[in-house]
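S.K.: Pasting the sequence and the predicted model now:
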Amino acid sequence: MSVRKKFRAIMAGKKLALMPGAYDGLSARIIEAEGFEAICAGGYAAIGSMLAQPDMGQSNMRDYADHYARIAAAVEIPVYVDADTGFGGVNNVRQMVRAFEAAGVAGVFISDQVFPNRCGYLPGKQVIAVEQMLAKIKAALDARRDPDFFIAGRTDAAGVEGINAAIARCQLFMEAGADMAKPMGVDTIDEIKRAMREIGGPHMATLSQAAGLKRRSLEELEAAGVVAATFPSIALFAAAHAVRNVLRILKRENSLTATFDHLLPLEDYYELVGLNAMLMREESYDKAAAALVQKRAAE
């Protein structure tokens, strides 16, 4: 089964799928190795890891396509990604869909913010006219070559115009043919239940460090019928914390030995990155080449 079919199966499922966020290929490999069935990759983590900046829309479509391609290539599970505003008008959206499909991701969500897009939990957001967003969704649907490529429309209207406007937009996104409509910032259990009743289609909850301490248990989300929960920045924050911690120990103790208990063991790292498989591959090709030369010499 392709990763896109796997992702569609997850989104059509009845149990809550947990989708941690990857900020690069190595973090994606760790997520997969720990048994998660899908990954999300968003702009917040991408901008943080690539530029060490907050997500204010500084990157471009080509940078994201390359970034997501490295993440998707590192794993065998679906990768669902952030496509910001589609990076422009309908022709830009078309180009983005083709590039992201080629990158190997399972699906995308497109936001209705004005360009440049910023993290949905940051202040200063503005949204485009709903007609413009519907045109982008139609362009995205027409551009996809693989019918299993998952396309979602996301609105940030809740933080600008209120939840009623966000739900109304999502209803139109679904009517336009989107696979899912996501009202960003609709985060309480009661709000989520209302959105699910009135919008239709699958619902994906966002549990981001950028949202602050919003207490929602996974049990509550699953009981409400939410099919997936993303943790888009959890690996980024964990990595930043771990790196800062070990460097502080190194600086304070002036000793490499003092850091040993805080580092991944070498053998674990090599297992994670597949060193043995690469060495075996090298050996098999070398043997095959040597056998060919020997055969020719014997003729």
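M.R.: Right, received. Where do you want to start?

S.K.: alpha carbons only for contacts and neighbour counts from here, please
M.R.: Noted.

S.K.: Low-confidence regions, the protein specifically.
M.R.: 119-122, 209-215 (pLDDT under 70).

S.K.: What are the boundaries of the helices in it?
M.R.: 3-11, 25-33, 43-51, 61-73, 90-103, 130-143, 163-175, 189-199, 218-224, 234-253, 266-273, 275-298 (DSSP state H).

S.K.: what's the closest of these to Tyr80?
M.R.: Judged by C-alpha to C-alpha, the one of these that comes nearest to Tyr80 is helix 3-11, at 8.3 Å.

S.K.: Next, give phi and psi for Tyr23.
M.R.: phi -110, psi -10 (degrees, to the nearest 10).

S.K.: Would you agree it is in contact with Ala238?
M.R.: No - in this structure, Tyr23 is not within contact of Ala238 by C-alpha atoms under 8 Å, at 11.1 Å.

S.K.: how's this structure carved up into domains?
M.R.: Under the assignment automatic domain parsing, the domains of the chain span 3-232, 241-298.

S.K.: can you list the helices of the chain in JSON lines and add mean neighbour count and distance to Phe115?
M.R.: Shown next, in JSON lines, are those (neighbours: other C-alpha atoms under 10 Å; distance: least, C-alpha to C-alpha, whole Å):
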{"stretch": "helix 3-11", "mean neighbour count": "19", "distance to Phe115": "28"}
{"stretch": "helix 25-33", "mean neighbour count": "19", "distance to Phe115": "27"}
{"stretch": "helix 43-51", "mean neighbour count": "20", "distance to Phe115": "14"}
{"stretch": "helix 61-73", "mean neighbour count": "20", "distance to Phe115": "13"}
{"stretch": "helix 90-103", "mean neighbour count": "20", "distance to Phe115": "12"}
{"stretch": "helix 130-143", "mean neighbour count": "20", "distance to Phe115": "12"}
{"stretch": "helix 163-175", "mean neighbour count": "20", "distance to Phe115": "18"}
{"stretch": "helix 189-199", "mean neighbour count": "17", "distance to Phe115": "25"}
{"stretch": "helix 218-224", "mean neighbour count": "15", "distance to Phe115": "32"}
{"stretch": "helix 234-253", "mean neighbour count": "14", "distance to Phe115": "25"}
{"stretch": "helix 266-273", "mean neighbour count": "12", "distance to Phe115": "37"}
{"stretch": "helix 275-298", "mean neighbour count": "11", "distance to Phe115": "42"}
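
S.K.: now those helices as a markdown table including distance to Phe150?
M.R.: What follows is the helices of the chain, written out as a markdown table (distance: least, C-alpha to C-alpha, whole Å):
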| stretch | distance to Phe150 |
| --- | --- |
| helix 3-11 | 7 |
| helix 25-33 | 19 |
| helix 43-51 | 18 |
| helix 61-73 | 15 |
| helix 90-103 | 10 |
| helix 130-143 | 9 |
| helix 163-175 | 13 |
| helix 189-199 | 17 |
| helix 218-224 | 22 |
| helix 234-253 | 23 |
| helix 266-273 | 29 |
| helix 275-298 | 32 |
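
S.K.: Tell me which of these sits nearest to Leu207.
M.R.: Shortest distance between Leu207 and these, using C-alpha to C-alpha, is found for helix 234-253: 8.8 Å.

S.K.: how much does the closest one deviate in direction from helix 25-33?
M.R.: Between helix 234-253 and helix 25-33, the angle comes out at 110 degrees (axes from the mean of the first three to the mean of the last three C-alpha atoms, to 10 degrees).

S.K.: chain center to helix 234-253: distance?
M.R.: 23 Å (C-alpha atoms, centre = their mean, to the nearest Å).

S.K.: Run through the neighbouring helices and strands of that helix.
M.R.: On a contact count with 3 or more C-alpha pairs under 8 Å, 6 or more residues apart in numbering; DSSP states H and E, helix 234-253 meets helix 43-51.

S.K.: Remind me what the helix it packs on packs against, helices and strands.
M.R.: In this structure, helix 43-51 packs against helix 234-253, with contacts taken as 3+ C-alpha pairs under 8 Å, 6+ apart.
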